[in-house]
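what follows is a predicted structure for the sequence shown.
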Amino acid sequence: MSTSASIDFVGKGTLQKELQRTIAAVCRDEVNTGVKSGGLSKEDQQDMAYKLYHGDVDNPDSMGYSEQFLNALGMWKCLFTEDIPDPQSNDPGLLLKRQYHRQEKEIKVHPDEAEAQINLALLSATFLKNRQMVSGRAIIDGGKLVMANVRIMLGILQHSIYQPYLASGSLPSGLEWDDYLEFLLDSFWKHQQAKKQKAEKDVENKPSPSAAAKKSDDDEEEKVEEDVFLEEVKQRPKSWFWTGFIAFAIFGPFVPADQDKKYQLKIFFTSDVDNDDASSKGGRSLLRKKKQEEDNKNLPNPKGFPLPIRPQVRQPQATSCGAQHMF
C-alpha cells in the first residue's frame with residue numbers, strides 16, 4: 001500500500017482519530033478479556049488487536065471491526081441514519097449522526113475516496129498523510145487514550161444528577177438522549193478548562209525574583225486578563241468533542257435507545273489495572289508485585305488455607321462475518 005498520497009476527509013484528522021479510537025476501544029475490551037483469562041504477551045495483544053480491527057488476512061470470511069463500522073453492523077448501527085442508497089454513485093446511504101460527529105458538514109460513509117468521506121482507507125490509515133495501516137500497538141494505545149478519559153467521565157457522573165441511575169442504565173425522568181450528550185461534552189470541557197487554569201496558576205505562582213518585585217504593579221492587569229479568560233472558557237465550540245466521547249456515548253453506562261446493552265464494554269465498568277496500565281502508573285515494582293502474587297498462586301499450600309479459584313479461560317477470537325460480539 002502506498003504511504004505517500006494523502007487522504008482527504010471533510011471531518012479532518014481529529015474526527016478520523018476519534019472514529020479510529022472508538023473502534024480501538026472495542027478491540028481493547030476483547031484484548032483485555034484475553035489478558036485476564038489466558039495471559040497474553042504484548043506481541044500477542046498487539047496481534048489480536050490488529051486482527052480484530054482490520055480482520056484476519058488468513059481468514060477470507062473475517063470482517064474486522066473497521067469494516068463492520070462501514071456497514072453499520074451490530075454495535076455500530078446506532079451511529080448512523082439510513083438514507084436511500086444510490087447504486088450509481090456507490091453511496092450506501094449511511095449518514096453519521098451529527099450528535100456524535102459534531103461537525104457542520106454532513107459526514108457519511110462513501111467508498112469513493114474522491115468524496116472525502118468515511119471509507120476503509122480513512123479508518124485503516126495511521127494518519128491522513130500516512131496510508132500505512134494502523135498497527136496493533138497503535139490500536140492498543142488508542143484504546144488506552146479512550147480509557148483515560150472514560151475514567152475521568154465516570155468520576156464526573158458519580159457526582160452528578162446521573163449518579164442514582166448508573167446501575168439501571170436509564171436516564172433520569174425528563175431528560176432526553178441529547179441532554180445527556182450535551183452533559184458529557186459540557187462537563188468534560190469544564191474539566192479540561194479547570195485543569196488548564198490550574199496549570200497556568202501553578203506557573204504564575206513560581207515567579208522569578210524580578211517578576212515577584214513587579215507583581216504588585218501588575219495585579220490589576222492580571223485580574224482583567226483572568227476575567228477575560230474565564231469568560232472565554234464558558235463558550236464550548238459546537239464542533240468540539242473529547243477523545244473517547246463517541247465510545248462512551250454508545251458503549252458506556254447509558255446507551256442510546258437504538259443500541260443493545262449487550263454491547264456495553266466491560267472495561268468501562270471495572271477498576272482493574274492490566275499490565276500495560278500498571279507499567280505506567282506503578283512502574284516495575286508494581287509489575288513485580290503483581291507477578292509475585294500470580295506466582296504465589298502456583299505454590300503448594302502447606303498451611304491448608306483455601307487457594308484462590310482460578311477463573312475459567314475464555315479463548316478470544318477475531319470477529320468473523322457472521323459472528324456476534326459477545327459480552
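Perfect, thanks for sending it. It should be emphasised that the depicted structure is a prediction, and the values quoted were computed from it without experimental measurement. Residues are numbered from 1 along each chain as shown.

what helix or strand is the nearest residue to residue 170 once chain neighbours are set aside on?
Nearest in space to residue 170, with sequence neighbours left out and distances taken as Cβ to Cβ, 6 or more residues apart in numbering, is residue 254 at 7.7 Å. C-beta coordinates here come from the backbone N, C-alpha and C atoms, glycine included. Under the criterion DSSP states H and E, no helix or strand holds residue 254.

gap between stretch 187-201 and the chain center?
The chain centroid and the centroid of stretch 187-201 are separated by 20 Å under Cα atoms, centre = their mean, to the nearest Å.

what comes into contact with that stretch?
149, 152, 153, 156, 160, 229, 233, 236, 240, 242, 245 (Cβ atoms under 8 Å, 6 or more residues apart in numbering).

from those, which is closest to residue 124?
Taking Cβ to Cβ as the measure, residue 124 lies nearest residue 245 of the contacts of stretch 187-201, at 21.8 Å.

show me where pLDDT drops low in the stretch 201-327 of the chain?
By pLDDT under 70, the low-scoring segments of the stretch 201-327 of the chain are 206-234, 270-327.

if we can go back for a sec, selection in PyMOL covering whichever of the contacts of stretch 187-201 are buried, please.
Buried residues among the contacts of stretch 187-201 (16 or more other Cβ atoms under 10 Å), as a PyMOL selection:
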select buried, resi 149+152+153+156+236+242+245
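
the helices in the stretch 101-250 of the chain, which residues?
With DSSP state H, counting those that start in this stretch applied, the stretch 101-250 of the chain shows helices at 120-124, 136-157, 177-204, 209-233, 245-251, listed in chain order.

next, format these as a markdown table and append distance to residue 89.
What follows is these, written out as a markdown table (distance: least, Cβ to Cβ, whole Å):
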| stretch | distance to residue 89 |
| --- | --- |
| helix 120-124 | 17 |
| helix 136-157 | 31 |
| helix 177-204 | 31 |
| helix 209-233 | 43 |
| helix 245-251 | 27 |
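
and those helices, which is most packed in?
When the helices of the stretch 101-250 of the chain are scored by mean count of other Cβ atoms under 10 Å, the highest mean neighbour count falls to helix 245-251 (a mean of 25).

please state the offset of that one from the chain centre?
With Cα atoms, centre = their mean, you get 7 Å for helix 245-251.

contact partners for the residue nearest to residue 245 when sequence neighbours are not counted?
Leaving aside its sequence neighbours, residue 245 sits nearest to residue 184 (Cβ to Cβ, 6+ apart; 6.4 Å). Each residue near residue 184 by Cβ under 8 Å, 6+ apart is listed here: 153, 245, 248, 249.

again with residue 116
Contacts of residue 116 (Cβ under 8 Å, 6+ apart): 8, 9, 10.

per-residue pLDDT, the first one?
When you say that, I think you mean residue 8. pLDDT for residue 8: 97.

still on that earlier bit, ok, and the most crowded of the contacts of residue 116?
Neighbour tally across these (other Cβ atoms under 10 Å): the maximum, 22 neighbours, falls on residue 9.

any idea how far that residue lies from residue 161?
37 Å (Cβ to Cβ, to the nearest Å).

okay, now the domains of the protein?
For the chain, automatic domain parsing gives the domain ranges 12-152+248-286, 174-242.

now for those, which one comes closest to residue 168?
domain 12-152+248-286 (9.4 Å).

now do that closest one: distance to the chain's middle.
On Cα atoms, centre = their mean, the centre of domain 12-152+248-286 falls 8 Å from the chain's centre.

same question for stretch 159-173.
21 Å.

pLDDT on it, on average?
Average pLDDT, stretch 159-173: 96.

for it, list every residue counted as buried.
162, 165, 166, 171.

next, give phi and psi for the nearest residue to residue 239 once chain neighbours are set aside.
If the residues on either side of it in the chain are set aside, residue 239 comes closest to residue 102, at 5.0 Å by Cβ to Cβ, 6+ apart. In terms of degrees, to the nearest 10, the main-chain angles of residue 102 are phi 70, psi 10.
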